[in-house]
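Participant: model the structure of this input:
(chains A and B)
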Amino acid sequence: MSATETLVATGNQGHSHGPGSPVPLQARNERTTSYDVADFPVPNGREEEWRFTPVKALKALFADEAGTETVKPDVQAPVGVVVETVAPDAVKAGKPQDRIAAVAWNHAEKATAVRIPAEAELSEAIHVNIAGLGGRGFGHLVIEAGRHSRGTVIVDHTGAGELASNVEIVVGDGAELRVVSIQQGDTDSIHVAQHDAVVGRDAKLNHVAVTLGGKVVRLSTNVRYSGPGGDAELLGVYFAESGQHHENRLFVDHEAINCKSNVLYKGALAGDHARSVWIGDVLIRAAAEGTNTFELNRNLVLTDGARADSVPNLEIETGEIEGAGHASATGRFDDEQLFYLQARGIPEDEARRLVVSGFFNDIIGKIGVPEVAEHLHEVIEQKLARTAALTEATNV
Amino acid sequence: MATLEIHDLHVSVDTENGPKEILRGVDLTIAGGQTHAIMGPNGSGKSTLAYSIAGHPKYNVTSGSVTLDGEDVLDMKVDERARAGLFLAMQYPVEVPGVSVSNFLRTAKTAIDGEAPKLRTWVKDVNKALSDLDMDPDFGTRNVNEGFSGGEKKRHEIVQLELLDPKIAILDETDSGLDIDALKIVSTGVNRFAEKGDKGVLLITHYTRILRYIKPDFVHVFVDGRVAEEGGHELADELEDNGYERFLKTGAKA
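Facilitator: Next comes the predicted model:
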């Protein structure tokens, strides 16, 4: 069974990939992965995996050089959680898949490991705060949930400078882990990260990527399953404003049987040169019978001059699956919704806020961490206030 | 007394071939306590009149005036018109994903009244309005018009009419697509509103069917962007028997 829905943008330059766009030349599992920086030439921006990215802005991170500052995560964890420094190759949940990930792997001297012991059920979230001081830093974070444990880890990225990091996530058999990664660096900050998750037998991962700030943010999130019955829910929220580039690249690799994946990313864009990129690759290998997967990306373009690219890819090597589908839609702000609300007496700026918060409502509800949901509502309000000021200025 | 006065209203829309005039000099006065029906063939400009009064940006008023109790309506933004006391029940109510009916109704009521409604009475009022229109209280938690049937959308419009309590209600083909039971429920809601006293109703319809349940004081036949004939309820009866043919023959094109 397969379902495909592609709604083409109603905006002037919303959607670069519609039906009939070229299938990537290279199957997803044939991409290079390596710990060796030399295996990845410095990209020129025409490569499949870099063609949407402003590579010029990432020049410093392509250099195979040590950073100018040390990334020191501040971890606040409930009693019982083990926090320690380990060698970079201690876990190997993932392998760098591009040059920046390889540079980060080699130049982050140590990895910080956060371990939830087996069968522990945490009632409070673990907080990992990573604040950039303005230099170039490389990070390496390992999050491990032991067998049958339950917990939530919130990784909050703030501050200035350029950060490249690898995050390795291991969800033990029967465990339930929620990882929220928030990117809200200063206006000029740059954040490039690769997240690799391995989901154990009958385990469940909720991975949430929230991108609210930074000049260039590029997250590559990869999920694979080490046993049958695994479940991965990958959620993402982003809101790009003038001059910001928010990019999310996802790859779900189904090899084990009876695993589920559900990808939902929603983004809003406002202002000149606000840019978002969403790439959603799902591979269902021949052995992955009983797979059930769906991915969905929706973008709301609030002003002229913003652009959203959305590229879902689904490769299916077996017919013995439960279901597989994807959908992508990029739309302009709907003036009819605005008219309807205003015709009921609601002032324009409030009507806009209602429509946009309505757009994000379902995904914020799914994040399942009240403090994150609350924070998101607040930041979205602030961004909409800025957008309203922007629209008013151009309308006058 | 609430009075909506429309004088020599000309309205055009932008098309690929330049502006096209749809309303060509509409004169109409609706006073509180009166129910007016506008009837006419498809394409005669009935809905354009409704949306122009409400202020839809698609319609350009090229000349004429619309005033509510002497205030210039055309100078107001869409939301200001609603707050001044105008209400448009739409033919095609819009879906607003992620916004619950109860949040929407409370936000609208707060905007119209200039203050938040008192919580205890408000919840009661909403539940009563929903049940009066034969809608389950669960509708409050659903998203605005999302997944509603055609009939549910129309009933939801009348729920809003009763809760927001405007001075003048314009109903744009509220009867279209309704089965007879829903038509009766909706008509009862409109009558309940009209009976509150100083309320004006402008009922736009293609069919005479709804006029069995809502009795208009005045009937206006709309042809080719203006009022072609006016009369009392007997004019509706004549249209019921003979249709619009007589009006179309006199040179107007539908």
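Participant: for A:Thr391, which non-adjacent residue is closest in space?
Facilitator: Nearest residue to A:Thr391, sequence neighbours excluded (CB to CB, 6 or more residues apart in numbering or on different chains): A:Thr303, at 6.4 Å. In this view, the C-beta of every residue, glycine as well, is placed from N, C-alpha and C.
Participant: quick one: contacts for B:Ile51?
Facilitator: Just to correct that, residue B:51 is Tyr rather than Ile. B:58-59, B:88, B:172 (CB atoms under 8 Å, 6 or more residues apart in numbering or on different chains).
Participant: just the pLDDT for the residue nearest to A:Thr391.
Facilitator: On pLDDT, A:Thr303 comes in at 90.
Participant: A:Gly325 too?
Facilitator: We have a pLDDT of 94 for A:Gly325.
Participant: hang on, the earlier thing: now list the buried members of the contacts of B:Tyr51.
Facilitator: In those, burial by neighbour count holds for B:59, B:88, B:172, counting by 16 or more other CB atoms under 10 Å in any protein chain shown.
Participant: burial count for the residue nearest to A:Thr391?
Facilitator: Neighbourhood size, A:Thr303 [other CB atoms under 10 Å in any protein chain shown]: 19.
Participant: separation between it and A:Ala388?
Facilitator: Distance from A:Thr303 to A:Ala388, counting by CB to CB, to the nearest Å: 10 Å.
Participant: export the contacts of B:Tyr51 as TSV, with columns for secondary structure.
Facilitator: Conversion of those to TSV gives the following (DSSP: H, G, I helix; E, B strand; the rest coil):
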residue	secondary structure
B:Lys58	coil
B:Tyr59	strand
B:Leu88	strand
B:Asp172	strand
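Participant: ok, how many other residues are close to B:Asn242?
Facilitator: 10.
Participant: quick check: closest non-adjacent residue to B:Leu171.
Facilitator: In space, B:Leu171 is closest to B:Ala89, 4.5 Å off (CB to CB, 6+ apart).
Participant: mind checking the SS state of the residue in the stretch 1-150 of chain B that chain A sits nearest to?
Facilitator: Nearest residue of the stretch 1-150 of chain B to chain A (CB to the nearest CB) works out as B:Gly98 at 2.9 Å. On the three-state scheme (three-state DSSP), B:Gly98 is labelled strand.
Participant: picking that back up, now the buried ones among the contacts of B:Tyr51 as TSV including distance to chain A and pLDDT?
Facilitator: Output for the buried ones among the contacts of B:Tyr51, formatted as TSV (distance: CB to the nearest CB, whole Å; pLDDT from 0 to 100):
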residue	distance to chain A	pLDDT
B:Tyr59	11	97
B:Leu88	6	98
B:Asp172	11	96
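Participant: contacting residues for the residue nearest to A:Thr391?
Facilitator: For A:Thr303, the contact set (CB under 8 Å, 6+ apart) comprises A:269-272, A:274, A:387, A:390-391.
Participant: kindly recompute the last result at 10 Å.
Facilitator: By CB atoms under 10 Å, 6 or more residues apart in numbering or on different chains, the residues touching A:Thr303 are A:11, A:241-242, A:269-272, A:274, A:332-333, A:387, A:390-391, A:394.
Participant: helices along the chain, start to end?
Facilitator: You didn't say which chain, so I picked chain A. Assigned by DSSP state H, chain A shows helices spanning A:59-62, A:99-107, A:335-342, A:348-367, A:370-395.
Participant: to clarify, I was referring to chain B.
Facilitator: For chain B, the helices defined by DSSP H cover B:46-54, B:78-84, B:101-113, B:119-132, B:150-164, B:180-194, B:233-242, B:245-249.
Participant: ranking those by burial, who's on top?
Facilitator: Scoring the helices of chain B by mean neighbour count under mean count of other CB atoms under 10 Å in any protein chain shown gives helix B:46-54 as the most buried, with a mean of 24.
Participant: same question for that helix, mean pLDDT?
Facilitator: The average pLDDT within helix B:46-54 is 97.
Participant: in the chain, where is pLDDT below threshold?
Facilitator: In the absence of a named chain, this looks at chain A. For chain A, residues meeting the criterion pLDDT under 70 lie at A:1-26, A:392-396.
Participant: try chain B instead
Facilitator: The model of chain B has pLDDT under 70 over residues B:249-254.
Participant: for residue 73, grab the count of nearby residues.
Facilitator: All of this refers to chain A. For A:Pro73, using other CB under 10 Å, the count is 19.
Participant: wait, chain B was what I had in mind.
Facilitator: 24.
Participant: tell me which parts of the stretch 151-254 of chain B are close to chain A?
Facilitator: B:160, B:163-164, B:166 (CB under 10 Å from any CB of the partner chain).
Participant: export those to TSV and append columns for distance to A:Thr187.
Facilitator: TSV is the format used below for those (distance: CB to CB, whole Å):
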residue	distance to A:Thr187
B:Gln160	42
B:Leu163	44
B:Leu164	42
B:Pro166	46
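Participant: which one of these is nearest A:Ala38?
Facilitator: A:Ala38 lies nearest to B:Gln160 out of these, by CB to CB, at 66.3 Å.
Participant: the closest one: what's its closest spatial neighbour, skipping adjacent residues?
Facilitator: Distance criterion CB to CB, 6+ apart; nearest residue to B:Gln160, sequence neighbours excluded, is A:Arg344 at 6.5 Å.
Participant: who's B:Val221 bridged to?
Facilitator: B:Met39, B:Glu229 (DSSP bridges).
Participant: what sits against it?
Facilitator: The contact partners of B:Val221, by CB under 10 Å, 6+ apart, come to B:37-41, B:44, B:227-231, B:235-236, B:238-239, B:244, B:246-247.
Participant: for chain A, which residue gets nearest to chain B?
Facilitator: A:Gly358 (2.9 Å).
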